[in-house]
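A.B. asks: Using only what follows, build the 3D model:
(chains A and B)
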Amino acid sequence: MTHVAVAQSFLRRQVFSVDHKVIGRQYLDLALVAVFTGMLLSWLMRFHLGWPETPVPGLGKLAPTGAAGGVITPEYYLALMTMHGTIMIFFVLTTAPFAGFGNFLLPLQVGAEDMAFPRINMMSFWVTLLAFLVLLTAFFVGDGPPLSGWTAYAPLSAVGEDAGPGQGAGQTLWAISIAIFCVAQLLGALNFIATTLDLRTKGMSLARLPFATWAWLITAVIALVAFAVLLPACILLILDRVAGTSFFIPGGLVISDRLQPHAGGSPLLWQHLFWFFGHPEVYIAILPGFGVVSQILPVFARKPLLGPRVFITCLIAIAFLSYTVWGHHMFLSGMNPFSATLFSVPTLVITIPAAIITLLWIGTIYGARLRLTSASLFALGFVSVFVTGGLSGFFLAQPSTDIYLHGTYFVVAHFHFVMGVAAMFGIFAGTYFWFPKLFGRMMNETLGKWHFWLTFIGVYSIFMPMHYLGLAGNVRRYSAFTDDYLQPLIPLHRFITVAALFTGAVQLLFLFNLMRSRLRGPKAPNNPWEATTLEWSTSSPPPHDNFGGRRAVVTHGPNEYGVTGPGGRDYLMQAESQ
Amino acid sequence: MSTAILPPRPPTPTVPVASVATADGGPGDSHVAQTGVWIGIGTITMSFAALTSALVVRQSGAPDWQHLHLPALLYVNTLVLLASSLTLESARRRLSPLGLHVTVALGLLFVVGQVLAWRQLIAQQQLLASGPSSAFFYVFTALHAAHVLGGVGGLLYVQRRLAAGVLALSTYKAAALYWHFMAVLWLYLLALLTIRG
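C.D. replies: Numbers count the residues shown, from 1 in each chain, chains lettered A, B, ... in the order given. Reported below is the predicted structural model:
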């Protein structure tokens, strides 16, 4: 593979580029568009939950059937919920921390010129974009987006338009979009693994791999297995919808007064296939954050990460265990109580490696004179929200408590903290940390710190009260609670809505900082944070072939902080001069 | 701020293939194509394992499951695919372009044979939506055929690189590995469909 940068047109360099750095930035830009789209949908949902009768200005024109006169119908609420979940989980929490940062940084961190298969890498981005566009099309066809949730439970998702608005073309587009997305992620994961195994530079043994690279490698292995299961599941779902098969649809089903022409299918089969993907997907979203935090905390604590080998062992343990716990999403499906125990035990066991990793982080910053920057604040915030979300997980891991809590806002609070907000904090930490390398400019630290504190207070204001709502029996997925026993909880819903609108608005601060710094930020030096890994050995941003026609030779591990280095430095770079 | 030791990169190692071929290499290492194929094999195995488990679950609770009698043509197709594995291996060892042409032809013949087998089933009113066993039959065979066609694409790439004299031995090995896996996967699917289908 030769890299000839000069002779190529703008289109080949910046748009249809095989350069992993361009592809990484494209993934991050896609995730940025997706996250604001997903956030807008959550704003609409939150507004409706607080003030169900008040019209949203302009929405009536955008969605004449779903929100006639601007007032959201219950079905349209479910459609917003489905699209919010799908966009956030697939196109933000998978795309940004794994595909985006991983693409940009993994080859740099292992000292490679590019990914192992650059053309496949480029294809994986464009296929992801296609999947996103197919999904968005659901807003504009037929009766709008599907309403079966991001989990698309059968038979609701499988029977077609009889099941309600959006269950016709919208649901089919959803299934096609996710199938396409699976293909893209499989191609991406293949590249991550092959690159890490085969393209490491001289001296970069597995023991010297940076922690983030370890996390991306293990995430890629998880993704490879998980998406390899979701893809055929989506194909079967599409066939049930368009070809008249009955994989997931039972016989004798009457929907909208029509007997469905299917027989013998198993709705639970979809749940098994989906959650066999779905639970590992949680780790696809969060493990890159583990890697990012483990790389960032030592830089700003100026201390090595405590127990690096323990950290990697725990990551591997989590990857294995993630495939044994999927049934804990299905305690309410009527499964045999013995099976429930079988899924409950590994669910509790998986908290052990996660807790050990958390203790390693706390041990790393214990007694350190931490440099408080936007990046390190978000890394600390990650630890905080991950612990908060993890603690509520104990209640949901046990069938006895989960059966009460599963259908309530308690679960909404749990997964938003532990995978949603935590993964987002990982993305923010990574953005503030690697922005100089991504764009060759520094972000504004003052705005960054404001962004952190306001977001931190904001997310706790949104999601902490939801635990209380759940314990009080507030069911999730309902679009309004105006005329039943949940009436007394409406003020709390309004508080959450205000907090959500506020926290969302704070993200405009981040967007402003991002855009302005990209254009006008002060020029970044090669290694602004005094970090050790290879990406900081090259220029900011790195040249087309990453190391300017030379090859990095690695002489140290990534964890050499708090040592006596050359020139009075307190760290040793992985490619250190002698 | 330190400067890393960055000596000039050594020339990319070349893997000569006979006298006409030189390495194209992915970036750097020559094993990378084979690593990629091994990872691909892992993924494809996982997908078919998921479909197998779907078949088992769907069958276990289904009163409507009727055993599908497979068309005898499938066994002929099996021989064609196995033969293509042999011709490919011999072509690869001798670097014979003819053997490669024959392999590609056999691969395409296999896919045509599978389509003919579908037509036989369709003539017997065994359609995709007729019942769960025929549905799984079409899903398994169609997905397998699609992967075989992907393999044919890979072989055509090898053919072109070989003709241009720029084929890396490892690329050839990787393509062959994938092709043999297609045969192994088909034997598994045939056994599964015979026993459980």
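A.B. asks: what residue is smack in the middle of chain A?
C.D. replies: The centroid of chain A falls nearest to A:Leu93 when counting by CA atoms, centre = their mean (1.4 Å).
A.B. asks: And that residue, what's its pLDDT?
C.D. replies: On pLDDT, A:Leu93 comes in at 97.
A.B. asks: same thing with A:Thr172?
C.D. replies: The model's pLDDT for A:Thr172 equals 97.
A.B. asks: Would you confirm that it contacts A:Arg241?
C.D. replies: Yes - between A:Thr172 and A:Arg241 there is a contact under CB atoms under 8 Å: 5.5 Å. C-betas here are computed from N, CA, C, even on glycine.
A.B. asks: So A:Arg13 versus A:Leu32, what's the distance?
C.D. replies: 21 Å (CB to CB, to the nearest Å).
A.B. asks: How many neighbouring residues does B:Leu149 have?
C.D. replies: For B:Leu149, the count of nearby residues is 14 (other CB atoms under 10 Å in any protein chain shown).
A.B. asks: show me the contacts for it.
C.D. replies: B:Val111 (CB atoms under 8 Å, 6 or more residues apart in numbering or on different chains).
A.B. asks: again with A:Thr324
C.D. replies: Listed by CB under 8 Å, 6+ apart, the contact partners of A:Thr324 are A:Phe343, A:Pro346.
A.B. asks: can I assume it sits in a helix?
C.D. replies: No - assessed with DSSP: H, G, I helix; E, B strand; the rest coil, A:Thr324 is coil; it does not lie in a helix.
A.B. asks: In this model A:Ala422 seems to touch the residue nearest to the centre of chain A, though I could be wrong.
C.D. replies: No - under the criterion of CB under 8 Å, A:Leu93 makes no contact with A:Ala422, lying 9.8 Å away.
A.B. asks: And residue 144, what's its pLDDT?
C.D. replies: As the question left the chain open, I've gone with chain A. 91.
A.B. asks: Not quite, go with chain B.
C.D. replies: 98.
A.B. asks: Now do the contacts for it.
C.D. replies: Counting by CB under 8 Å, 6+ apart, B:His144 has contacts B:Gln114, B:Met182, B:Leu185, B:Trp186, B:Leu189.
A.B. asks: so how far is the helix or strand harbouring it from its chain's centroid?
C.D. replies: Using DSSP states H and E, B:His144 sits within helix B:132-164. Centre-to-centre, helix B:132-164 and its host chain are 5 Å apart (CA atoms, centre = their mean, to the nearest Å).
A.B. asks: Average pLDDT for the first helix or strand past it going along the chain, rounded please.
C.D. replies: The C-terminal neighbour of helix B:132-164 among helices and strands, as given by DSSP H and E, is helix B:169-195. Average pLDDT, helix B:169-195: 96.
A.B. asks: What of stretch A:61-69?
C.D. replies: The predicted model assigns stretch A:61-69 a mean pLDDT of 90.
A.B. asks: Can you name the residues in contact with stretch A:167-177?
C.D. replies: Here stretch A:167-177 makes contact (CB under 8 Å, 6+ apart) with A:79, A:82, A:86, A:131-132, A:134-135, A:137-138, A:141-148, A:152, A:156-157, A:159-161, A:234, A:237-238, A:241-242.
A.B. asks: Kindly apply the preceding question to stretch A:193-204 instead.
C.D. replies: A:106-107, A:110-113, A:115-117, A:209, A:213, A:216-217, A:220-221, A:224, A:534, A:551-555, A:574-575, B:27-29, B:31-32, B:35-36, B:39.
A.B. asks: on that earlier part again, narrow the contacts of B:His144 to those that are buried.
C.D. replies: Taking 16 or more other CB atoms under 10 Å in any protein chain shown as the criterion, what is buried in those is B:Gln114, B:Met182, B:Leu185, B:Trp186, B:Leu189.
A.B. asks: which element follows the least confident helix or strand in chain A by mean pLDDT toward the C-terminus?
C.D. replies: Across the helices and strands of chain A, mean pLDDT, DSSP states H and E gives its lowest value to helix A:10, namely a mean of 80. Counting by DSSP H and E, the next helix or strand C-terminal to helix A:10 is helix A:20-50.
A.B. asks: Tell me which residues of that next one come out buried.
C.D. replies: For helix A:20-50, by 16+ other CB under 10 Å, it's A:20-28, A:30-32, A:34-39, A:41-50.
A.B. asks: That helix: what's the following helix or strand?
C.D. replies: Next along from helix A:20-50, by DSSP H and E: helix A:59-62.
A.B. asks: tell me which residues in the helix or strand following that next one are buried?
C.D. replies: Counting by DSSP H and E, the next helix or strand C-terminal to helix A:59-62 is helix A:74-86. By neighbour count on 16+ other CB under 10 Å, the buried set for helix A:74-86 is A:Glu75, A:Tyr76, A:Tyr77, A:Leu78, A:Ala79, A:Leu80, A:Met81, A:Thr82, A:Met83, A:His84, A:Gly85, A:Thr86.
A.B. asks: rewinding a little: just the angle for the helix holding B:His144 relative to helix B:169-195, thanks.
C.D. replies: Helix B:132-164 and helix B:169-195 meet at an angle of 160 degrees, taking axes from the mean of the first three to the mean of the last three CA atoms, to 10 degrees as the criterion.
A.B. asks: The residue lying closest to A:Pro165 once chain neighbours are set aside: neighbour count?
C.D. replies: Spatial nearest neighbour of A:Pro165, excluding adjacent residues (CB to CB, 6 or more residues apart in numbering or on different chains): A:Asp143 at 3.5 Å. By the criterion of other CB under 10 Å, A:Asp143 has 20 neighbours.
A.B. asks: For A:Asp143, what are phi and psi?
C.D. replies: phi -90, psi 20 (degrees, to the nearest 10).
A.B. asks: Correct me if wrong: it contacts A:Thr65.
C.D. replies: Yes - using CB under 8 Å, A:Asp143 is in contact with A:Thr65, at 6.1 Å.
A.B. asks: before we move on, the earlier item: adding distance to chain A, write the buried ones among the contacts of B:His144 out as a markdown table.
C.D. replies: Shown next, in a markdown table, are those (distance: CB to the nearest CB, whole Å):
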| residue | distance to chain A |
| --- | --- |
| B:Gln114 | 18 |
| B:Met182 | 17 |
| B:Leu185 | 14 |
| B:Trp186 | 17 |
| B:Leu189 | 13 |
